[in-house]
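Participant: Need a 3D model of the sequence below.
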Amino acid sequence: MSFRALRPYLLAVLLTVPGLALRFAHPDISPLWVALLSGLAILGASFLLTWACEVAQMDIPQAVAVAVVAFIAVLPEYAVDMYFTWMAGQHPESAYSHYAIANMTGANRLLIGVGWSAIVLIFAGRFHSAVALHDDKRTDVLFLGMATLYALLIPLKGSLTWMDGVVFLAIYAWYIWIIARRPCEEEEPEGPAAVLAQLPKKSRLRTVIGIFIFAAMVILCNAEPFSESLVASGKMLGVNEFLLVQWLAPIASEAPEFIVALMFAFRGNAGLALGSLLSSKLNQWTLLVGMIPGVYAVSSGGLSPSINLDTHQFQEILLTAGQSIFAVALLLDLRLHVREAFWLLVLFTAQLLSPLYDAQLEAMLGLPHDPLRLHYFYAQVYLALAAVLMLRNWRKVWQLRLGFKV
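Facilitator: Have a look, this model is predicted:
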């Protein structure tokens, strides 16, 4: 195996070295440097996991691959969120629970608002066509819709409890039970993953397991310094730490998956790229959200009270659920068109930048300032658009029941 073929792996490993050194050396440096170096370490480990997961599916049973590999692929996102959740259970009156919700909602909205949109726009720019999903992805759309409808209840009832976690985990388990029984379609790994695929089976399996262990160690070692340094950096710079956790933290963990998906779209395989990010969205919106109240309960030492959230966090969940149900409505026909991707991106950008113009807009309208006003407005826009699309395409909504078939 040539040095050139191994170069991506070596570069990814080199990204992790400073973060590991920080963890064990504990130098007295600025939180900005800690955030940068630990974030790069998580980024490098995320690339390693992405390539290893792609190869692992060649050698393990389909039922195991679907459940385990899907979880491992999003481990970077889970590690950061579970750290915040664990600390929230240890310190119930702190802001950690807010950071956990910020990280979860930011990651979910980025997947759709940026990831899905970019795939369609890149593909359409090269091939002048909408992105079509395989029929079996109807199951993903169906279960994403189910999870989202339940998520809408959380801000309405004003609590996120361990029972909510059980429901989300049950939805994910049901989804896994269905797709794990379907025949597996063989797909040849591409890019850096293809290098591992050329190894003999035993060597390949040992190498993949070694990568999993190393990458998991890097992520777990850097989750705490990355999370804490982001918060400290925000306080030091006078920047809202909630926003840093919501938007910067997911970038380190989501970037490799985004990059791989965009490469597939650029090469003309946009259906596979969009299907991958659709599965990731379902994974995060069920397994990640479902684990938050469970981890909080274990950390706090009891099933009650529920995780400490305020109106802001419930509005974040409502906005994220609104975007999700709108995305489900757009995928009823298993196609995502350019104009639909454009509106996903525009609405995401508008709500992302809303803190920059909300006060001026309210002043123009003669309204008292409310930092949550536009959150609620965009959530209503998403929900209204989704309702219109679903009523107009009610036959396609009914066809989603086919997603229950094994």
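Participant: can we go C-alpha only for contacts and neighbour counts from here?
Facilitator: Fine.
Participant: can you pull the buried residues of stretch 151-165?
Facilitator: By neighbour count, with 16 or more other Cα atoms under 10 Å as the criterion, the buried positions of stretch 151-165 are Ala151, Leu152, Leu153, Ile154, Pro155, Ser159, Leu160, Thr161, Trp162, Asp164, Gly165.
Participant: what's it in contact with?
Facilitator: Residues from elsewhere that reach stretch 151-165 (Cα atoms under 8 Å, 6 or more residues apart in numbering): 289-294, 297, 303-307, 309, 314-315, 317-318, 321-322.
Participant: any chance of the buried residues of stretch 151-165 in JSON lines, plus distance to Val239 and secondary structure?
Facilitator: Converted to JSON lines, those look like this (distance: Cα to Cα, whole Å; DSSP: H, G, I helix; E, B strand; the rest coil):
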{"residue": "Ala151", "distance to Val239": "29", "secondary structure": "helix"}
{"residue": "Leu152", "distance to Val239": "30", "secondary structure": "coil"}
{"residue": "Leu153", "distance to Val239": "32", "secondary structure": "helix"}
{"residue": "Ile154", "distance to Val239": "29", "secondary structure": "helix"}
{"residue": "Pro155", "distance to Val239": "27", "secondary structure": "helix"}
{"residue": "Ser159", "distance to Val239": "28", "secondary structure": "coil"}
{"residue": "Leu160", "distance to Val239": "28", "secondary structure": "coil"}
{"residue": "Thr161", "distance to Val239": "30", "secondary structure": "coil"}
{"residue": "Trp162", "distance to Val239": "32", "secondary structure": "helix"}
{"residue": "Asp164", "distance to Val239": "32", "secondary structure": "helix"}
{"residue": "Gly165", "distance to Val239": "32", "secondary structure": "helix"}
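Participant: now, which of those sits nearest Phe212?
Facilitator: Distance to Phe212, by Cα to Cα, is smallest for Gly165 among the buried residues of stretch 151-165, at 26.8 Å.
Participant: Can you tell me how far that closest one is from Leu153?
Facilitator: If you measure Gly165 against Leu153 using Cα to Cα, to the nearest Å, the figure is 13 Å.
Participant: contacting residues around the residue nearest to Gly403 when sequence neighbours are not counted?
Facilitator: Here the nearest residue to Gly403 in space, its sequence neighbours aside, is Thr139; by Cα to Cα, 6 or more residues apart in numbering that works out to 3.9 Å. Contact criterion Cα under 8 Å, 6+ apart gives Tyr175, Leu400, Leu402, Gly403, Phe404 as the residues in contact with Thr139.
Participant: Tell me the one of these nearest Trp247?
Facilitator: When these are compared for distance to Trp247 (Cα to Cα), Tyr175 wins out at 28.3 Å.
Participant: for the protein, which spans come out with low pLDDT?
Facilitator: Low-confidence regions of the chain, defined here as pLDDT under 70, cover residues 1-3, 60-73, 184-187.
Participant: Need the outlier residue of this protein, farthest from its centre.
Facilitator: Taking Cα atoms, centre = their mean, the residue of the chain most remote from its mean C-alpha position is Gly366, at 37.6 Å.
Participant: who's in contact with that one?
Facilitator: Taking Cα under 8 Å, 6+ apart as the definition, Gly366 has no contacts.
Participant: so how far is Arg373 from it?
Facilitator: Noted for Gly366: a distance of 13 Å to Arg373, by Cα to Cα.
Participant: and if you look at Gly302?
Facilitator: Taken as Cα to Cα, the spacing of Gly302 relative to Arg373 amounts to 34 Å.
Participant: same check, this time on Gly165
Facilitator: Distance of Gly165 to Arg373, computed by Cα to Cα: 28 Å.
Participant: re the thing from before, which of the buried residues of stretch 151-165 lies closest to Ser229?
Facilitator: Nearest member of the buried residues of stretch 151-165 to Ser229, counting by Cα to Cα, is Leu160, at 26.8 Å.
Participant: For Gly244, grab the count of nearby residues.
Facilitator: That one is not Gly; residue 244 is Leu. By other Cα atoms under 10 Å, 20 other residues sit near Leu244.
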